[in-house]
Structure formats: structure tokens, C-alpha cells
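*Asks:* take this sequence and fold it.
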Amino acid sequence: MSVDPVSSAAIADALRSAGARCEVVGPSGLAEALAQRWEHVLVEVDRSPGPDRFRAVAGLGARLARAGRAGAIAITAGAVGAAVRLRLAEAGFAGVVEADRLAARPGVLDAAEIALEDAGHLRSRLGLAAEGALEPFLQVCRSMPAAVWNDPTGASAAAPGRASVLCRLAENIAGFPGTRAAFPHFGPRAAPPSWDRVRAFVRAGFGLDD
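*Replies:* All right, here's what the predicted structure looks like:
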């Protein structure tokens with residue numbers, strides 16, 4: 001499935017030249033196409049407008065799951081980092097491949113090369129708790145002004161109250177690790193993660209650093 005006719009045509013031509021039978025559909029034709037018995041389902045994850053370039057991932061994963069086709073392969077415009085890979089894994093995708101890589105060598109794709117690590121492994125790699133969920137937290141983050149995330153310098157800071165709330169949500173929803181801090185009269189206790197760390201992680205999850 002693709003919403004970009006240019007890139008989808010290039011990928012389809014490459015796949016057909018390698019001997020594969022394929023069909024390109026847009027979002028409106030996805031349900032009908034999924035009703036057919038395709039060996040693989042490849043979904044082009046479009047770079048969404050706004051700071052969250054991968055906001056479509058959760059919705060696409062849900063549509064595939066409803067159609068009984070969880071385990072699709074995501075096609076991305078470029079390489080993606082571990083935080084985006086976690087979003088894909090939590091949405092039910094089984095693999096990810098760059099569009100240029102797929103178009104250049106469609107007949108020699110290695111299953112191990114495109115396979116996504118399972119969500120638990122990626123969470124451990126990112127230092128996140130096993131029981132967290134990334135997408136609900138990022139949905140809250142999208143309600144913040146775009147400048148908070150778009151500015152790589154961090155100069156466009158969030159209001160202190162909002163930043164504090166997001167730090168606590170990062171810990172409670174996404175499973176982001178807190179920190180140990182010393183409080184007067186109480187000694188060392190767990191504190192929410194710092195805003196700088198949370199902001200950097202959200203930028204990575206939004207694909208802004210890829």
C-alpha cells in the first residue's frame with residue numbers, strides 16, 4: 001500500500017522485474033487487497049506532516065490487524081532509529097526496509113536484514129520498562145506546539161508545568177526510566193526523568209533525528 005504514486009511505481013516495477021507478482025493500492029483499496037491471499041504485505045509508511053513524521057504507523061497497524069494481516073513489512077523513505085523501530089514493532093509490523101534499498105535490489109532481500117526485533121528486545125535496548133506503551137504517550141506529545149519538538153537546540157522549551165507532566169507520563173505510560181534524586185528531609189528517592197532526556201527521546205520517536 002502506498003500514497004505516493006511515484007515511489008510506489010518504482011518499487012512495483014523493480015519487484016515485477018525480479019519476478020514477483022504484486023499489486024499497488026492506496027488507502028481506499030487496502031481492505032479489498034488484504035482480502036486476497038498475498039504472501040507478503042508491504043506498506044509504505046508515508047512521512048506525515050507535522051513534527052511526528054510517523055504518526056500514521058499506529059493506524060496502519062490497526063487496519064492490518066483488523067484484516068488479519070499483522071506482520072506486514074513497512075517501507076520507509078530512509079533509515080530509521082530504534083525508537084521508530086519500536087513504534088513499528090508495537091504496531092504489529094514484522095519488518096522494515098528502505099524504499100531505495102527495495103527498489104535497487106528487490107530480488108535479494110534477506111529476511112534477517114529486514115526483520116524487526118520484537119518489541120520487548122527493543123524496549124530493553126532503549127532502556128524502557130517492558131510493560132510500557134509508546135504510542136499513547138506520543139499521542140499526548142503531539143498536542144504540544146510543534147516548535148517544542150522541531151527545534152533541535154531545545155530553545156523552544158515547553159512551559160515548565162507541561163514539561164513536568166510529560167516527564168511523568170513518559171515514566172508512567174511509555175516506561176521511560178526515572179532518576180534517583182536527593183530530596184531534603186527524605187533522602188534519595190525516585191524522580192521523573194529529566195525534560196532534556198524525554199524531549200530527545202520524543203524527537204527520536206517522531207523520526208526527527210533520522
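
*Asks:* residues touching G178, list them.
*Replies:* Residues in contact with G178 (Cβ atoms under 8 Å, 6 or more residues apart in numbering) are E171, A190, A191, P192, P193. (Each C-beta comes from the backbone N, C-alpha and C, glycine too.)

*Asks:* quick check: it vs R197, distance?
*Replies:* According to Cβ to Cβ, to the nearest Å, G178 stands 10 Å off from R197.

*Asks:* L116 too?
*Replies:* Distance from L116 to R197, by Cβ to Cβ: 24 Å.

*Asks:* more crowded one of those two?
*Replies:* Between L116 and R197, L116 has the larger neighbour count (other Cβ atoms under 10 Å), namely 19 against 16.

*Asks:* so which strand or helix has the nearest residue to that one once chain neighbours are set aside?
*Replies:* Nearest residue to L116 in three dimensions, chain neighbours excluded: A89, at 4.9 Å (Cβ to Cβ, 6 or more residues apart in numbering). For A89, the host element (DSSP states H and E) is helix 82-90.

*Asks:* now that helix: how far from the chain's centre is it?
*Replies:* Chain-centre distance of helix 82-90: 4 Å, with Cα atoms, centre = their mean, to the nearest Å.

*Asks:* how close does the residue nearest to E32 when sequence neighbours are not counted sit to E131?
*Replies:* Spatially, and ignoring its direct neighbours in sequence, E32 is nearest to V25 (7.5 Å; Cβ to Cβ, 6+ apart). Relative to E131, V25 is positioned 36 Å away (Cβ to Cβ).

*Asks:* higher neighbour count, those two?
*Replies:* Remark: of V25 and E131, V25 carries more neighbours, 14 against 8, as counted by other Cβ under 10 Å.

*Asks:* helix, strand or coil: sort out that one for me.
*Replies:* With DSSP: H, G, I helix; E, B strand; the rest coil as the basis, V25 sits in coil.

*Asks:* same deal with A74?
*Replies:* Under three-state DSSP, the three-state class of A74 is strand.

*Asks:* contacts only, for it.
*Replies:* L42, V43, E44, V45, V57, L88, F93, G95, V96, V97.

*Asks:* and it, what pLDDT?
*Replies:* Predicted confidence (pLDDT) for A74: 89.

*Asks:* which strand residues bridge it?
*Replies:* Beta-bridge pairing for A74 (DSSP bridges): V43, V96.

*Asks:* and it, how close does it get to L60?
*Replies:* 8 Å.

*Asks:* need the overlap of contacts for those two.
*Replies:* Shared contacts of A74 and L60, counting by Cβ under 8 Å, 6+ apart, come down to V43, V45.
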